[in-house]
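Undergrad: Build the 3D model from these lines:
(2 chains)
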Amino acid sequence: MNVWLLLIGMGIVTYAIRLSLIVLIGRVDVPPLIQRALRFVPPAVLSAIIFPELLRPGGTLDLSPGNVRLLAGVLAAGVAWRTKNVLLTIGVGMVALWVLQVVIPH
Amino acid sequence: MRSPRSEFIAGVRAELPLMLGVIPFGMIYGVLAMGAGLPVGAAMAMSSIVFAGSAQFVGVQLIRSGVPGMVIVFTTFIVNLRHMLYSASVAPHFARLSPRWKWLLAYLLTDEAYAVAITRYNQAAAAATDFANKHWYFLGAGLTLWVTWQISTAVGIFLGAQIPASWSLDFTLALTFIALVAPALRDRPSMAAALSAGVIAVLAADLPYKLGLMVAAIGGIAIGLWVEARQPSSALHRQRADNP
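TA: This is a model prediction of the structure:
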């Protein structure tokens, strides 16, 4: 798909969601199941992106100690869980990746 | 009652501290968009057309992995669904505004603008002081975020174009997502949703059209709901067992 068509598609979808209930409130109710499901959207979608990035860095499953992205990612997850600090997580993860790339032969 | 101008300025002031977190986030987006090979114009336009941080990050990641456009648009829908809750929440406050105001404020309805404005609205409601120019407060907060987002992503795009590929900067995207997800995993249903979605995504990675992502996301959400639904009843059973 053309990148501009894609941007317009993403923009329309985003705007329609934001406008939806400002305009429709009182006319429709959000089903309770959807309301409960919403809080699982970020962990589910983001994990579905993160796991393959860490476990299949070259396009195939790699659970070996030579998988530096997996090691750096697990370390970063620990930092994120403890500190809740986005910039620190990215900083520690990148430094770990660079160090591991030098230390571990691959 | 305060004038539109003073409400607008109050909204700008309330939004400013949040910019500390938004500026680096916007810059990282710009760097990543360049790393993913997006043209400069498209990367910049995404910040004003879509204007949604996490959806832009996910979009860039999916463009980089060659995911078909329809799947990206659908993923954007899922990622931004939470804004429907914000939309419902601000709707009573905007009910008497003209359609033009509603359309404008809907465009500015982001996590950060919502958080600041709804705090003020709830305080005013608690103090029983209904203020007539509350939409100006929202406009001040929303425009502050909009301008900051455009400038910080532009700076990131400029920097991203100078950084060599050997720095593995594409990895900052996975790290950003980790930084957003990991702290939120404080209860069992969320952990179950994240873990199952991740495992399904790895197993289903070879599905055509990159459908593995959608299968994994929907599967994770379903499992999160299932674990949550089981929890109160199992706690109840234990209580019953404790009290014969």
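Undergrad: Return the helix or strand in chain B with minimum mean pLDDT.
TA: helix B:212-242 (a mean of 76; mean pLDDT, DSSP states H and E).
Undergrad: Report how many residues lie close to residue 42.
TA: Just so you know, I chose chain A. Residues lying near residue A:42 (other CB atoms under 10 Å in any protein chain shown) number 20. For every residue, glycine as well, the C-beta is placed using N, CA and C.
Undergrad: switch to chain B, that's the one I care about
TA: The burial count assigned to residue B:42 is 16, neighbours taken as other CB under 10 Å.
Undergrad: show me what contacts residue B:46?
TA: Under the criterion of CB atoms under 8 Å, 6 or more residues apart in numbering or on different chains, the contact list for residue B:46 reads A:7, A:10, B:33, B:38, B:56, B:59, B:60.
Undergrad: That one - that's part of a helix, no?
TA: Yes. Residue B:46 sits within a helix when classified using DSSP: H, G, I helix; E, B strand; the rest coil.
Undergrad: separation between it and residue B:154?
TA: 12 Å (CB to CB, to the nearest Å).
Undergrad: go on, residue B:16?
TA: Distance from residue B:16 to residue B:154, by CB to CB: 19 Å.
Undergrad: who has more neighbours, these two?
TA: Using other CB under 10 Å as the criterion, residue B:16 and residue B:154 rank with residue B:154 on top: 17 against 14.
Undergrad: Skip the chain neighbours and tell me the closest residue to the more buried one.
TA: residue B:44 (6.2 Å; CB to CB, 6 or more residues apart in numbering or on different chains).
Undergrad: I'd like to know how many residues surround residue B:48.
TA: Neighbour tally, residue B:48, other CB under 10 Å: 14.
Undergrad: gap between it and chain A?
TA: Per CB to the nearest CB, to the nearest Å, residue B:48 is found 9 Å from chain A.
Undergrad: give me the element the closest residue to that residue other than its chain neighbours is part of.
TA: Spatial nearest neighbour of residue B:48, excluding adjacent residues (CB to CB, 6+ apart): residue B:150 at 6.5 Å. For residue B:150, the host element (DSSP states H and E) is helix B:134-160.
Undergrad: so how far is that helix off the chain centroid?
TA: 15 Å (CA atoms, centre = their mean, to the nearest Å).
Undergrad: just for chain B, where's the confidence low?
TA: Counting by pLDDT under 70, the ranges of chain B that qualify are B:1, B:130, B:209, B:232-244.
Undergrad: Quickly list the domain ranges of chain B.
TA: B:4-167, B:185-242 (automatic domain parsing).
Undergrad: Near the residue nearest to residue B:154, how many other residues are there?
TA: Residue B:44 sits with 17 neighbouring residues when counted by other CB under 10 Å.
Undergrad: Next: residue B:71.
TA: 17.
Undergrad: Go ahead and report the secondary structure state at it.
TA: The three-state assignment at residue B:71 reads helix, by three-state DSSP.
Undergrad: Hmm, it is touching residue B:211, no?
TA: Yes. If you go by CB atoms under 8 Å, residue B:71 and residue B:211 touch, sitting 6.9 Å apart.
Undergrad: residues touching the residue nearest to residue B:154, list them.
TA: Taking CB under 8 Å, 6+ apart, one finds B:153, B:154, B:157 in contact with residue B:44.
Undergrad: how close does it get to residue B:34?
TA: Remark: distance between residue B:44 and residue B:34 (CB to CB) = 11 Å.
Undergrad: Now list whatever residues contact both of the two.
TA: Counting by CB under 8 Å, 6+ apart, the residues touching both residue B:44 and residue B:34 are residue B:157.
Undergrad: In contact with the residue most central in space within chain B: list those residues for me.
TA: Most central in chain B under CA atoms, centre = their mean is residue B:54, positioned 4.6 Å from the mean C-alpha point. Contact analysis of residue B:54 by CB under 8 Å, 6+ apart lists A:42, B:79, B:180.
Undergrad: Secondary structure element for the last one, which one?
TA: Counting by DSSP H and E, the element that carries residue B:180 is helix B:171-181.
Undergrad: And for the first one?
TA: In this structure, residue A:42 sits in helix A:41-55 according to DSSP H and E.
Undergrad: ok and that helix relative to helix B:171-181, angle-wise?
TA: Computed by axes from the mean of the first three to the mean of the last three CA atoms, to 10 degrees, the angle separating helix A:41-55 from helix B:171-181 equals 140 degrees.
Undergrad: Helix or strand next in line after helix A:41-55, which one?
TA: Next element after helix A:41-55 (DSSP H and E): helix A:68-83.
Undergrad: How far does the next helix or strand after that next one sit from its chain's centre?
TA: Next along the chain after helix A:68-83, taking DSSP H and E as the criterion, comes helix A:86-103. Chain-centre distance of helix A:86-103: 17 Å, with CA atoms, centre = their mean.
Undergrad: can you check stretch A:36-45 too?
TA: 12 Å.
Undergrad: Stretch B:187-206 too?
TA: 20 Å.
Undergrad: is it up against chain A anywhere?
TA: Yes. With CB under 8 Å from any CB of the partner chain as the measure, stretch B:187-206 is seen reaching chain A through B:189-191, B:193-202, B:205.
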